[in-house]
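**Q** need coordinates for the below:
(2 chains)
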Amino acid sequence: KAGVTQTPRYLIKTRGQQVTLSCSPISGHRSVSWYQQTPGQGLQFLFEYFSETQRNKGNFPGRFSGRQFSNSRSEMNVSTLELGDSALYLCASSPGSQGAGYEQYFGPGTRLTVT
Amino acid sequence: QKEVEQDPGPLSVPEGAIVSLNCTYSNSAFQYFMWYRQYSRKGPELLMYTYSSGNKEDGRFTAQVDKSSKYISLFIRDSQPSDSATYLCAMTGSSNTGKLIFGQGTTLQVKP
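**A** This is a model prediction of the structure:
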C-alpha cells in the first residue's frame, strides 16, 4: 500500500497570505489528523477528521481550519499567515472502523516558511 | 508544565550499546502509549504502541509502561548507526481519537 502523501512538500509564503495544504491518507483509512512541528514546541495536534467530520480540535486559533472529503483526502488552510506559522505540517492517517488513534501513520510533511 | 516530558538529549552511544529512552507524563487518563522514530527531514515512523501497563517486544525494541509511576521507556538492544534519529513518545486516552500528545523527542546518535 502507498503511504500517506502530502503536497506540496515545500512552500514559501509572505505574511498575510493564506495557504492550503493537502493530504492523501493510506487507502482505506478514514481518520486524518494534522500536526504542527516546530523546534520550540515540538509536535502539536491541530485537528482530526473522521468521515468528513471534525472529531477533535487542538488549541490553535481560528486561522487554522481543515476539511475532509468523501474519499478521506484532507486539506488544511491557514489564513493571514504569521511568521510564527513557519513549521513542518504533518498529516497522519489511522486504520479501523472508528479510526484507531494509537496507530497513526505519518506523511513526510509540508515545510512552510513564512517571510 | 507539559503533559509529557522527555529529555531532549542528545544521547550518544557506541554501536552495540543498549539504549534507554524515557518519558514521564502527568495525565492519568492516558491509556495508549506510542513510540515514533523520526529521521531528519522525514515524518515520524510508528515503532510500537502499547495499551495500559506492561511490556511489548518487537525485534531489538522493547517498550515498557508503568502507569503507577506515569513512566514509559523504550529500550533498543544492539544499537546500530542506522538507529540514529529522534525518538518521540506519544500518548492518548482513548482508542478512537487521533489527538496524540507528544514528548519533545530525544535525539540519539549511535557511533560506529
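
**Q** show me what from chain B comes close to chain A.
**A** Proximity of chain B to chain A is assessed by Cβ under 8 Å from any Cβ of the partner chain, with B:32, B:34, B:36, B:42-46, B:49, B:51, B:88, B:90, B:92, B:94-105 identified as the residues in range. Just so you know, the C-beta spots here come from the backbone N, C-alpha and C atoms, and that holds for glycine as well.

**Q** now do the buried residues in the worst-scoring helix or strand of chain A on mean pLDDT.
**A** Sorting the helices and strands of chain A by mean pLDDT, DSSP states H and E puts strand A:53-57 at the bottom, at a mean of 93. Taking 16 or more other Cβ atoms under 10 Å in any protein chain shown as the neighbour-count basis, strand A:53-57 is seen to contain the buried residues A:Arg55, A:Asn56.

**Q** then stretch A:17-25?
**A** Buried residues in stretch A:17-25, counting neighbours by 16+ other Cβ under 10 Å, are found at A:Val19, A:Leu21, A:Cys23, A:Ser24, A:Pro25.

**Q** now the second one: which helix or strand?
**A** Think A:Leu21. For A:Leu21, the host element (DSSP states H and E) is strand A:19-24.

**Q** which stretches in chain B count as strands?
**A** B:4-6, B:11-14, B:19-25, B:32-38, B:45-51, B:54-58, B:61-66, B:71-76, B:85-92, B:101-102, B:106-111 (DSSP state E).

**Q** what is the shortest one packed up against?
**A** It stands for strand B:101-102. The contact analysis (3 or more Cβ pairs under 8 Å, 6 or more residues apart in numbering or on different chains; DSSP states H and E) places strand B:101-102 against strand A:42-50, strand B:85-92.

**Q** switch those strands over to CSV; also include mean pLDDT.
**A** Supplementary listing: those in CSV, determined by pLDDT from 0 to 100:
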stretch, mean pLDDT
strand A:42-50, 95
strand B:85-92, 97
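
**Q** redo these as JSON lines? Include mean neighbour count and distance to A:Asn59.
**A** As requested, the helices and strands packed on strand B:101-102 are exported to JSON lines (neighbours: other Cβ atoms under 10 Å in any protein chain shown; distance: least, Cβ to Cβ, whole Å):
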{"stretch": "strand A:42-50", "mean neighbour count": "23", "distance to A:Asn59": "8"}
{"stretch": "strand B:85-92", "mean neighbour count": "24", "distance to A:Asn59": "16"}
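
**Q** circling back to that earlier point, A:Gly58 is nearest to which of the strands of chain B?
**A** Checking the strands of chain B against A:Gly58 by Cβ to Cβ gives strand B:101-102 as the closest, at 9.9 Å.

**Q** what residues does that closest one touch?
**A** Residues lying outside strand B:101-102 but in contact with it, judged by Cβ atoms under 8 Å, 6 or more residues apart in numbering or on different chains, are A:35, A:42-45, B:3-4, B:25, B:27, B:30, B:36, B:88-92.
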